[in-house]
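>>> Structure, please.
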Amino acid sequence: MSKLLKRSLLLLAGIVIVGFIGRSIIRSSTKKHSPEQTITHTSKDATFTVFYNRPYKKGRTIFGDLVPYGKVWRTGANEATTFTTSKDILVDGTILKSGTYTLWTIPNKDSWKIIFNGHQYDWGVGVIDGSPSRDPEYDVLTLEVPVHPLLNIVEQFSIYFEEANDFSIMYLAWDRTTVAVPLKS
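Sure thing, here's the model as predicted:
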């Protein structure tokens, strides 16, 4: 093997190693600003699990600015948010099969589109242009829910569940905005 080929291979290996290390450093540093959260909720015989990253408001205008209206949002920060259901459920009257989905939203001033996508993505946005990683071809279920204004500011993006009669409600809340997604097992 020639010296030039050996040097080229060593250089290429070095670039790959530096790239992996750099990627790990960037990911770990972003987690400080938007920590991971996994929540689990059991309703009747169904279990719902959501994994997401929780960015802070930090005095910023969130909806309509940091998160633009009418554009797909990864629903949190860093990795795409995932929603897992242990059994088939009804989401606003439409069947969602048991499994794990990425959860995407399209916020608007008066309503949000909630999108359950059947594909798993490594990161929520493209590294180069910051555009959402979601491929609409894998959208399994989309629904539109109204926005409910909040009196108090929610400083850190939050997803939580509440029981209401014979169904669960998954809330997405940040700043002075919340939306409710009805889930029936």
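>>> Quick check: buried residues in the lengthiest strand in the chain?
In the chain, taking DSSP state E as the definition, the longest strand is strand 139-164. Going by neighbour count (16 or more other CB atoms under 10 Å), the buried part of strand 139-164 is 139-141, 143, 145, 147, 154, 157-159, 161. Yep, even glycine has a C-beta here, placed from its N, CA and C like the rest.
>>> same deal with stretch 119-127?
Under 16+ other CB under 10 Å, the buried positions of stretch 119-127 are 121, 124-125.
>>> Show the pLDDT at the residue nearest to Pro132 when sequence neighbours are not counted.
Excluding its sequence neighbours, the residue lying closest to Pro132 (CB to CB, 6 or more residues apart in numbering) is Val72, at 4.4 Å. On pLDDT, Val72 comes in at 94.
>>> What distance do you get for Val72 to Thr84?
Here Val72 is placed at a distance of 21 Å from Thr84 (CB to CB, to the nearest Å).
>>> cool, His41 as well?
His41 is 11 Å from Thr84, by CB to CB.
>>> Identify the residues contacting the residue nearest the centre of the chain.
In the chain, the residue lying closest to the centroid (CA atoms, centre = their mean) is Thr81, at 2.5 Å. Taking CB atoms under 8 Å, 6 or more residues apart in numbering, we find Thr81 in contact with 50-53, 74-75, 102-104, 124, 159.
>>> for Tyr160, same thing?
Going by CB under 8 Å, 6+ apart, Tyr160 touches 39, 170-171, 173.
>>> again, only using 7 Å
Applying CB atoms under 7 Å, 6 or more residues apart in numbering, we find Tyr160 in contact with 39, 171.
>>> And Phe63, by the same measure?
69, 107, 175, 177.
>>> burial measure for the nearest residue to the third one once chain neighbours are set aside, as a count.
Taking CB to CB, 6+ apart as the measure, Asp175 lies nearest to Ile62, with 4.1 Å between them; neighbours along the chain are not counted. If you count neighbours by other CB atoms under 10 Å, Ile62 ends up with 18.
>>> Kindly report the same for the one 5 residues further on.
Neighbour count of Val67, defined by other CB under 10 Å: 21.
>>> same thing with the one 4 residues further on?
Look at Lys71: counted by other CB under 10 Å, it has 12 neighbours.
>>> Need phi/psi at it.
In terms of degrees, to the nearest 10, the main-chain angles of Lys71 are phi -120, psi 150.
>>> coming back round to it: any idea which helix or strand comes after the longest strand of the chain?
Downstream of strand 139-164, the first helix or strand assigned by DSSP states H and E is strand 167-184.
>>> before we move on, the earlier item: taking the contacts of Phe63, please make a PyMOL selection of just the buried ones.
Buried subset of the contacts of Phe63, written as a PyMOL selection, criterion 16+ other CB under 10 Å:
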select buried, resi 107+175+177
